[in-house]
Structures are given as C-alpha cells and as structure tokens.
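**Q** Have a look at this fold, sequence not included:
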C-alpha cells in the first residue's frame, strides 16, 4: 500500500508508526504538548512530507487552513469531551466546543478515504451514549460507513505475530470508510468488525514477560534507578510473609476482594453513612480475620511497622491466583493498595506514575520496556528526556500493533484498498 495520512492529537507518534509501517507517508501532524511534539520531531521530522504544528483549533475553527493538505487517511487519538445534550439534532453544530468538531471540519473539507480514531472504551458506555451516537451520526452525515458495534480491542488479546503485546489496554477504535452520505445511512445497520478468527488459538495467558518483554539487566544502562526502594521492598516482603502464613499454607488461595489490614478485626467499625461497597469490604475482611485469626495475629507481631505505614501500604489486592510468592508476580503500588498479579501481561500504562514492578527482578519496568508494551520500535528515541516524562507520554500513546491489526482487519473485511 502507498497512501498519505495526517496525524491529529499525535502525541509521540503511535499512529505515525503504525501507518508508516503500512506504507503511508505523513503529510501533516498536530500536537499541542511541546514535550511530546519535540519527541515526535526527533523521530519523524526527517521523513515528513508536511508540517508539524501545535494547536489544531486556529487551523480549523473558521476556514480550513491550507496547511492541512489532501490525504487518504485521517488518524487521531482525540480527547473525549462532553457534548451538548440539547436534543436539537444539530449534527456537526452540536459538537461545537469539542475537539471532535475540529476533526469533523477537516473530514468535511478534505474527505479522506478512511478515518481511524481511538479513545477510551468508556466512550461507548451508558454514560456517553449520546456522545457515541452523535459521533456516528456526524460521520455518516459526512459520508462515512461506520459500525454501531464498537471495535474494542486490547493488545494482550492479539498474538505477537499480529502486533500484540503483553499489556491489557482496552480502547475503542472508530474506523470510517467514505461511501457517500446516502450509502452511509443506507448501510447504517450493516455492522463490520474485525475477523476474530485471525487471532487463532492465542490466549492472553500465553504471554510471558520474560520471553516477550523484558530486557536483560546488562542491557539497562541505569539499572540502579529502576530498583525498588528499601521502603517498598520492606512492604512487599511484609505482604509476602502474609501470603506464606495465611494464603500459601497448604495451597490455600487468598480471596479476590481487597484485604485491608486495619479492617481485619472481629468488630469492624461501620458507620451508617458508609457506602454499601465499603460496608461489604469491612464485613468480608472481618470474616476473613476470624477464619485466620491465629496466623494474622502472629503476622502482626512479626511486623510492628504496620501501624506506621500509610493506608495504601496496608491494603493488599491479590490477583495472582495460586502463585506461592509475591516476588513471582507483577506488583503495583496504587492508591487502592499493593496489587499483585501473574507475570503474563501487564496492567495498562497510564499517564500517572504507577509503574509495574517485576517481582523476580525487584525493579520497575524501563522506558524501553514500556515502549515495547506499546509496540514502538527499538529505534524509537526519547533523547535525553526525563524518564518520568517518557512514561507519561507512553501512557497517553496509542498501541501501534493494535492500530495496525484493527485497521488492516477491517479494511480487509470490507475489501477496501488504500
């Protein structure tokens, strides 16, 4: 394939990589965040056939800027803002004040052959029912065949040979193919989804972080900066001792509900104004304590530091089923507690600093490993940027392999050639 594309809300270039690898040439890119734009320039400016700009609004609000050229594919991971619920059925005008309006203005004037947009899966949920319906309506009014059935895909469900990576990251992909307004509405009830048979027998539990993600320690220049702090090592070892005494004993699994050390008591303090979910947790923790009182009491005696820890360290979320050691799993320090899961695939990268700890390595993942989770190539560079900034940018990025899989699968299904 050989085609031209534009990259809106481009971030550090996940769409750019995916579409370039499919044969595309980028003729325009827009990214308002200067740090992300600098990384984008560093990696792609030399191959661009058009400008890289900042704010897209001034170029689209009144008349469309000539800076935005003709193109075959429009791609964008647009921010989801609340749309008006006026009920006036104003079509595109109803999206004014949102960045989707600016995307729609470009589509209206340039009529690309294909549109691919990415957003969080909640866009298709009940709270955003109006927004989802409005996006589909506007795209159909502009002449694009789009499916009512959302394509929600996560890279951990895709085998590695098709671009998958060991990261759970559910996102909705909106793919629109230009067929003209009349035909788009006529085809409104004809859903299209990617061919799941392509996934074969692959299962998310087939992932292995050791085989599919991790760098060798001798490949990591700043290895010491990724080692877990002494404070967190102590907390992990404390909960590992809990698992040995209470959970791993005779093959007994810990329960799936969050364990709150301060709620493990025979008489939980329940207030009348507490939400139902919290009351439920307190009662479950109390029952769990009664059942395991001797082991838990001895654990508390062994760890007097418990009473001095902040509350998030005193919460434990066990999602690792029959693992016999916390150190065999993947660990996250979250506001909701210390979470442990099996070392197959990782939780979603997020813009906030909740970097996963590889228990067997006693270190956090590296920027390179985070980039691999998003299927960014090994040649991709952040220069000398602060790693925290790079993690944030990767947390906001699109999954390269998932974009390629979704787009090629749907276009093949529709027999559309770029």
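**A** Arrived safely, thanks for sending. Small disclaimer: the values here were computed from a predicted structure and weren't measured. Residues are numbered from 1 along each chain as shown.
**Q** Now residue 185: which helix or strand?
**A** helix 181-186 (DSSP states H and E).
**Q** scratch that, residue 55
**A** Using DSSP H and E, no helix or strand contains residue 55.
**Q** can I assume it is in contact with residue 31?
**A** No - counting by C-beta atoms under 8 Å, residue 55 does not reach residue 31; the two are 9.4 Å apart. All C-beta spots, glycine's among them, are computed from the backbone N, C-alpha and C.
**Q** between these two, which one's more packed in?
**A** residue 31 (24 against 11; other C-beta atoms under 10 Å).
**Q** how much space between the residue of the chain most remote from its centre and residue 226?
**A** Residue farthest from the centre of the chain, counting by C-alpha atoms, centre = their mean, is residue 294 at 41.5 Å. Distance from residue 294 to residue 226, counting by C-beta to C-beta, to the nearest Å: 38 Å.
**Q** quick one: terminal-to-terminal distance for stretch 217-233?
**A** 19 Å (C-alpha to C-alpha, to the nearest Å).
**Q** again, but for stretch 23-39
**A** 22 Å.
**Q** Quick check: phi and psi at the residue at minimal distance from the centre of the chain.
**A** By C-alpha atoms, centre = their mean, the mean C-alpha position of the chain lies nearest to residue 169, the distance being 3.9 Å. The phi/psi pair for residue 169 (degrees, to the nearest 10) reads phi -150, psi 80.
**Q** Need the nearest residue in space to it, chain neighbours excluded.
**A** Closest residue in space to residue 169, ignoring its immediate chain neighbours: residue 348 at 4.4 Å, by C-beta to C-beta, 6 or more residues apart in numbering.
**Q** Show the low-confidence segments of the stretch 151-300 of the chain, by residue range.
**A** 193-195, 248-251 (pLDDT under 70).
**Q** Now with 80, please.
**A** Counting by pLDDT under 80, the low-confidence segments of the stretch 151-300 of the chain come to 190-200, 248-252.
**Q** ok, which stretches of this protein are helices?
**A** Under the criterion DSSP state H, helices of the chain are mapped to 14-21, 34-44, 99-110, 129-141, 181-186, 209-212, 230-242, 276-291, 293-302, 367-373, 387-396, 400-414.
**Q** Those into CSV, with extra columns for distance to residue 78?
**A** Shown next, in CSV, are the helices of the chain (distance: least, C-beta to C-beta, whole Å):
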stretch, distance to residue 78
helix 14-21, 11
helix 34-44, 15
helix 99-110, 5
helix 129-141, 10
helix 181-186, 20
helix 209-212, 30
helix 230-242, 36
helix 276-291, 33
helix 293-302, 49
helix 367-373, 22
helix 387-396, 12
helix 400-414, 14
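**Q** hang on, the earlier thing: show me what the helix holding residue 185 packs onto, helices and strands only.
**A** helix 129-141, strand 144-145 (3 or more C-beta pairs under 8 Å, 6 or more residues apart in numbering; DSSP states H and E).
**Q** Burial check on residue 129, number of neighbours?
**A** 12.
**Q** roughly how far apart are it and residue 346?
**A** Applying C-beta to C-beta to residue 129 and residue 346 gives a distance of 31 Å.
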